[in-house]
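[1] Quick one: sequence plus predicted model below, questions after.
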Amino acid sequence: MNKSSGALGGIVLVLIALLVAGCGGSSEEALTKSEFVEQGNAICKQATKEREKAIAEFAQTGNPNGSRENLQEEAVEKALPSYEGAAEKIAELRAPKGDEAKVEAIVEGMEETVAKIHANPQSAFAGDRAFRNANKAAENYGLDDCVV
């Protein structure tokens, strides 16, 4: 169970990074960069809390006798939805004028990470490789709470 808990904690960190982006598209006025960063970081913080709660519940109720691969897959199933939701919420934010491409790169990085992890749940446990692009884009933009 300790190995499972450690692996689950790693998922939490990885998924945080993917919560980083936002796209324009609303007819409302664009956010300033500081507003976008504040709201994006708040989304990531909330998603992190949700993932940590899901992982803690999984650690309490999951089958500790399962294979490592099965435990990882189950943990990803529990933790990934909050990351996906955060990516969606960030995408709904109105990107600052002139920063649309940067925000789109963040969202795309998060979406690509989600797709990779869905295709291969163990990739979430391979260091930061699955989250590398999303983390870099988020960190460069100031979404530090979104870096896993």
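    Okay, I see it. Residues are numbered from 1 along each chain as shown.
[2] going forward, measure contacts between C-alpha atoms and count neighbours the same way
    Noted.
[3] next structured bit after the helix or strand of the chain with the lowest mean pLDDT?
    Least confident helix or strand, the chain: helix 2-17 with a mean of 48, by mean pLDDT, DSSP states H and E. Following helix 2-17 in sequence order, the next helix or strand is helix 33-61 (DSSP states H and E).
[4] tell me which element the residue lying farthest from the centre of the chain falls in.
    The outermost residue of the chain relative to its centre, with distances by CA atoms, centre = their mean, is Asn65 at 27.8 Å. Per DSSP H and E: Asn65 is located in neither a helix nor a strand.
[5] List phi and psi for it.
    The phi/psi pair for Asn65 (degrees, to the nearest 10) reads phi -90, psi 0.
[6] Show the model's pLDDT score for it.
    Predicted confidence (pLDDT) for Asn65: 80.
[7] repeat for Asp128
    Predicted confidence (pLDDT) for Asp128: 74.
[8] mind checking how far the residue lying closest to Glu50 once chain neighbours are set aside is from Ala137?
    Setting aside the residues directly before and after it, Glu50 is nearest to Ser82 in space (CA to CA, 6 or more residues apart in numbering), at 6.3 Å. According to CA to CA, to the nearest Å, Ser82 and Ala137 sit 19 Å apart.
[9] So for those two, which residue has more residues nearby?
    Ala137 (26 against 23; other CA atoms under 10 Å).
[10] show me the contacts for the closest residue to Ala47 other than its chain neighbours.
    What sits nearest to Ala47 in space, not counting adjacent residues and going by CA to CA, 6+ apart, is Ser82, at 5.3 Å. Ser82 sits next to Ala47, Thr48, Glu50, Arg51 when contact means CA atoms under 8 Å, 6 or more residues apart in numbering.
[11] Give me the buried positions along stretch 90-99.
    Ile90, Ala91, Leu93, Arg94, Ala95, Pro96, Asp99 (16 or more other CA atoms under 10 Å).
[12] still on that earlier bit, where does the residue nearest to Ala47 sit, in terms of helix or strand?
    Take DSSP H and E as the rule and Ser82 turns out to sit in helix 68-92.
[13] can you list the weak-confidence ranges in this structure?
    Within the chain, the ranges that satisfy pLDDT under 70 run 1-27.
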